[in-house]
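>>> Need a 3D model of the sequence below.
(one chain, ligands or ions: 1)
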Amino acid sequence: MNFDLNEQQLEIQAKVRKFAEEELKPGVLERDEKCVFDMDLFRKAGELGLFGLPYPKEFGGQGLGYMEYAIAVEEVSKVDASFGIAFSVNTSLYGGSVWNFTASDEQKKQFMTAPLSGTVIGSFALTEPNAGSDAGGCITTAVKDGDEYILNGLKCFNTNGPLAKYTAVYALTEPEKKSKGLACFIVDRDLPGVRTGKIENKMGIRSAQVSEIIFENCRVPASCKITENGAGFKLAMKTLDCGRIGVASQALGIAEGAFEIAKNYMKEREQFGKPIAANQYLQFKMAELAVKIEAAKYIVYKAAMDHDNGRPFTQSAAKAKYIASATAMEVTEWAVQFMGGNGYMKEYHVERMIRDAKITQIYEGTNEIQKLIIGGALFR
Ligand code: CAA
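Numbers count the residues shown, from 1 in each chain. Have a look, this model is predicted:
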């Protein structure tokens, strides 16, 4: 397997790195502190074509693949993991919901072009208070009434939820069939009957906006239903496979970003008359982390390549999310430790990164769910 990036991928990497350093880095601490998401930055990234990387040009994309997308999410997340998840959810969970199954070309054009250009943002509403890991336990309903569906229910932990113009909503058109009765609707958030509920106050990814979305007799045109009745659960699963490559890339970026900060610090910081990097114990630990990051990187890129080459990628996406998030957690914990009192302070960034790393082990399927997916396939 060839992991060398081609010329175009190297160009994308350099472009996104520049954007992350010049645009995201200056305000990242303040956005985290104040829990604000900057839509101007989102629009700028849209102008650079980041959100449409894996989709065809006719639907507002760049005609490339998940490899390019993974590289881009990785680069932004080295600097700002909150931006990384907003990007990933907009592209893979929202965009993927429209793209992955039976939406018509007209629906794809209608619902993908603006979110992929960054002029508006999309979100993905599957989880409910009693349907987290058990995603098939949703009870939100969509009842047909003439040319409309009437949605009722509450979705939670919705990344981009308070900001989204469009949300991909998974709701039961046939409640008696449980998860086999789910369909997917693209809901314009300006419609009457849909509102943002509680906005979450989170441990990490604090500038990403996460909220409840509440549907109270929300009438949605039937043309916004993008699956057949009953096809929603499989669409959600397929879309989450894509999303997990995004989260894995985000986690990889966090690990790499924290590693670089710690490495530079260790070269500068002197104690006992020498840079702390001169201590063999610290070098050994950094060596272990460097190997783990490299291993995670290739597993993440492998998942992206499986996607792009038309191979099944449920397993490789689960492996990528599992290993990259575990690596992000381990690296950020050591980065804080190596940087001592300074590492614990906000201005050194790794304090934020350790908080951001934790969620990568939880969302888009906890790592226990990833092991269930990987382990289940081993014995099928
Ligand atoms: N692709 C396509 N189809 C799939 C699939 C996949 N990856 N996984 C399962 N399916 C199909 C199965 O083949 C099966 O089809 P049949 O009925 O035709 O046989 C059907 O879906 C049901 O499959 P399971 O019996 O395996 O389903 P399950 O109810 O046992 O659930 C699960 C499996 C893997 C545990 C799943 O519920 C899951 O992924 N849970 C985690 C949910 C999750 O990731 N939530 C995160 C939401 S988004 C978020 O985090 C917030 C955010 O904004 C970032």
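>>> Which residues of this protein lie near the ligand?
Residues of the chain lying close to the ligand (C-beta under 6 Å from any ligand atom) are 89, 124, 126-127, 133-136, 157-159, 179, 233-234, 237-238, 240-241, 314, 363-365, 369, 372-373. (Each C-beta comes from the backbone N, C-alpha and C, glycine too.)
>>> out of those residues, which are inside strands?
Using DSSP state E, the subset of those located in strands is 124, 157-159.
>>> could you dump these to JSON lines with pLDDT?
JSON lines is the format used below for these (pLDDT from 0 to 100):
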{"residue": "124", "pLDDT": "98"}
{"residue": "157", "pLDDT": "98"}
{"residue": "158", "pLDDT": "98"}
{"residue": "159", "pLDDT": "98"}
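>>> Quickly check the residues you listed for the two that are furthest apart.
Taking C-beta to C-beta as the measure, those span a maximum distance of 10.1 Å, between 124 and 157.
>>> More neighbours: these two, which one.
More crowded of residue 124 and residue 157, by other C-beta atoms under 10 Å: residue 124, with 29 against 18.
>>> Helices of this structure, residue ranges please.
7-19, 28-34, 39-47, 66-79, 81-88, 95-99, 105-117, 232-268, 280-308, 314-338, 340-343, 350-360, 367-378 (DSSP state H).
>>> any idea which of the ones you listed is most buried?
Among those, ranked by average contacts under mean count of other C-beta atoms under 10 Å, first place goes to helix 81-88 (a mean of 30).
>>> what is the mean pLDDT for that one?
In this model, helix 81-88 has an average pLDDT of 98.
>>> Number the residues from 34 up from this point.
With the count now opening at 34, the last piece we talked about shows up as helix 114-121.
>>> Disregarding residues adjacent in the polypeptide, which is nearest to residue 258?
Closest residue to residue 258 in three dimensions, ignoring its sequence neighbours and counting by C-beta to C-beta, 6 or more residues apart in numbering: residue 218, at 5.3 Å.
>>> and that neighbour, what pLDDT?
Confidence score, pLDDT, at residue 218: 98.
>>> That one: how many residues sit nearby?
There are 26 residues near residue 218, going by other C-beta under 10 Å.
>>> Quick check: bridge partners of it?
Beta-bridge pairing for residue 218 (DSSP bridges): residue 202, residue 258.
>>> which ones are touching it?
By C-beta atoms under 8 Å, 6 or more residues apart in numbering, residue 218 lies in contact with 175, 182, 184, 201-202, 204, 253, 257-259.
>>> Kindly provide the distance from it to the ligand.
For residue 218, the distance to the ligand equals 16 Å [C-beta to the nearest ligand atom, to the nearest Å].
>>> Then residue 155?
Residue 155 sits 11 Å away from the ligand when distances are taken as C-beta to the nearest ligand atom.
>>> quick one, phi/psi of the residue nearest to residue 118 when sequence neighbours are not counted?
Nearest non-adjacent residue to residue 118, counting by C-beta to C-beta, 6+ apart: residue 241, 5.1 Å away. Listed backbone geometry of residue 241 is phi -70, psi 140, with angles given as degrees, to the nearest 10.
>>> Touching, residue 241 and residue 193? I think so.
Yes: taking C-beta atoms under 8 Å as the definition, residue 241 is a contact partner of residue 193 at 7.4 Å.
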